[in-house]
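K.L.:
structure for this input, please:
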Amino acid sequence: MQRTPPRHLAPPPRTRPRPRAREHLLVESILALVAIGLTTVILISSLLNRPESSAARLPNLLPPAPTTTRAVATTPAPASSRPAPKPDDGNLLADPGFEAGITGWSAVGRAGLERVEDGRSGDWGLRLTRGSSRQPGARHDQVASLKDGKRYEASAWVLASKPGVEVQVNLFELRRGKRFAVDTVGVVAPAGEWQRLDVSHDTHRPGATLAVELLAPTLASGTNLLVDDLAVRAASSSMSIH
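P.N.:
Numbering: from 1, shown residues only. Prediction:
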């Protein structure tokens with residue numbers, strides 16, 4: 001017969017531990033999964049809704065399509081047959097040879113502009129380098145206030161350090177910062193030879209500002225373009241636009 005010890009001498013009954021630790025682990029795991037899910041949703045949403053890349057936000061430096069095109073050359077063109085005008089012959093540019101500096105000229109994009117002692121005439125000229133611009137060039141935004149019934153004729157001499165440099169000269173009108181009525185001439189400049197470009201523009205909106213621009217879209221790093229002896233002059237137009 002098995003004896004049963006007295007109740008007061010019997011060992012206390014074993015109680016099963018409460019599964020609190022497991023419950024805590026389960027709750028923490030669920031919270032972690034929820035946090036990961038929320039983070040993934042926020043990340044995907046930000047990727048879908050983010051603005052276009054910085055490359056797409058870069059300003060378009062290409063000039064707008066010209067209203068009219070006087071001449072465009074894709075092969076080296078001979079030097080201009082027009083006689084070279086005298087520097088003081090009605091030139092609307094105060095310093096066409098950059099003898100006093102480059103006041104009034106600004107870089108297109110982030111092109112490099114430097115006044116150097118390599119001019120075609122006089123002592124100085126303007127050297128254009130690509131810099132970090134996709135469309136290197138130089139622009140003068142305040143040539144003259146356009147008058148009705150006038151044609152404006154511009155000329156520029158350029159010299160490329162290497163062959164194959166495309167050069168474009170634009171005459172256009174500016175009003176409230178917007179450009180319109182562009183006339184353009186282009187050429188592929190040979191290396192080591194000064195070449196003259198000529199372009200003309202008839203007034204479209206009297207009172208607007210006439211601007212002149214030189215662009216070298218294929219100018220590569222390590223190549224430069226010299227510019228000198230620019231001129232912009234007013235003449236009677238063959239037509240009057242009101």
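
K.L.:
so where do the helices sit in this structure?
P.N.:
20-49, 54-57 (DSSP state H).

K.L.:
out of these, which gets the lowest mean score?
P.N.:
Of all these, mean pLDDT reaches its minimum on helix 54-57 (a mean of 38).

K.L.:
which stretches in the protein count as strands?
P.N.:
68-72, 105-108, 112-116, 125-129, 137-145, 150-160, 165-175, 178-189, 195-202, 209-215, 224-236 (DSSP state E).

K.L.:
now render the ones you listed as JSON lines, adding mean neighbour count and distance to residue 92.
P.N.:
From N, CA and C alone the C-beta is placed, and that goes for glycine too. Output for the strands of the chain, formatted as JSON lines (neighbours: other Cβ atoms under 10 Å; distance: least, Cβ to Cβ, whole Å):
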{"stretch": "strand 68-72", "mean neighbour count": "13", "distance to residue 92": "18"}
{"stretch": "strand 105-108", "mean neighbour count": "18", "distance to residue 92": "14"}
{"stretch": "strand 112-116", "mean neighbour count": "15", "distance to residue 92": "20"}
{"stretch": "strand 125-129", "mean neighbour count": "23", "distance to residue 92": "17"}
{"stretch": "strand 137-145", "mean neighbour count": "18", "distance to residue 92": "5"}
{"stretch": "strand 150-160", "mean neighbour count": "22", "distance to residue 92": "8"}
{"stretch": "strand 165-175", "mean neighbour count": "21", "distance to residue 92": "11"}
{"stretch": "strand 178-189", "mean neighbour count": "19", "distance to residue 92": "16"}
{"stretch": "strand 195-202", "mean neighbour count": "21", "distance to residue 92": "12"}
{"stretch": "strand 209-215", "mean neighbour count": "23", "distance to residue 92": "8"}
{"stretch": "strand 224-236", "mean neighbour count": "20", "distance to residue 92": "5"}
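
K.L.:
got CSV for those, with mean pLDDT too?
P.N.:
Output for the strands of the chain, formatted as CSV (pLDDT from 0 to 100):
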stretch, mean pLDDT
strand 68-72, 39
strand 105-108, 95
strand 112-116, 95
strand 125-129, 97
strand 137-145, 96
strand 150-160, 97
strand 165-175, 96
strand 178-189, 94
strand 195-202, 96
strand 209-215, 97
strand 224-236, 94
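
K.L.:
output these as TSV; include the columns distance to residue 37.
P.N.:
Shown next, in TSV, are these (distance: least, Cβ to Cβ, whole Å):
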stretch	distance to residue 37
strand 68-72	60
strand 105-108	50
strand 112-116	52
strand 125-129	53
strand 137-145	52
strand 150-160	61
strand 165-175	55
strand 178-189	50
strand 195-202	63
strand 209-215	53
strand 224-236	58
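
K.L.:
closest to residue 97 out of these?
P.N.:
Comparison of those against residue 97 by Cβ to Cβ identifies strand 224-236 as nearest, at 5.8 Å.

K.L.:
just the angle for the closest one relative to strand 195-202, thanks.
P.N.:
40 degrees (axes from the mean of the first three to the mean of the last three Cα atoms, to 10 degrees).
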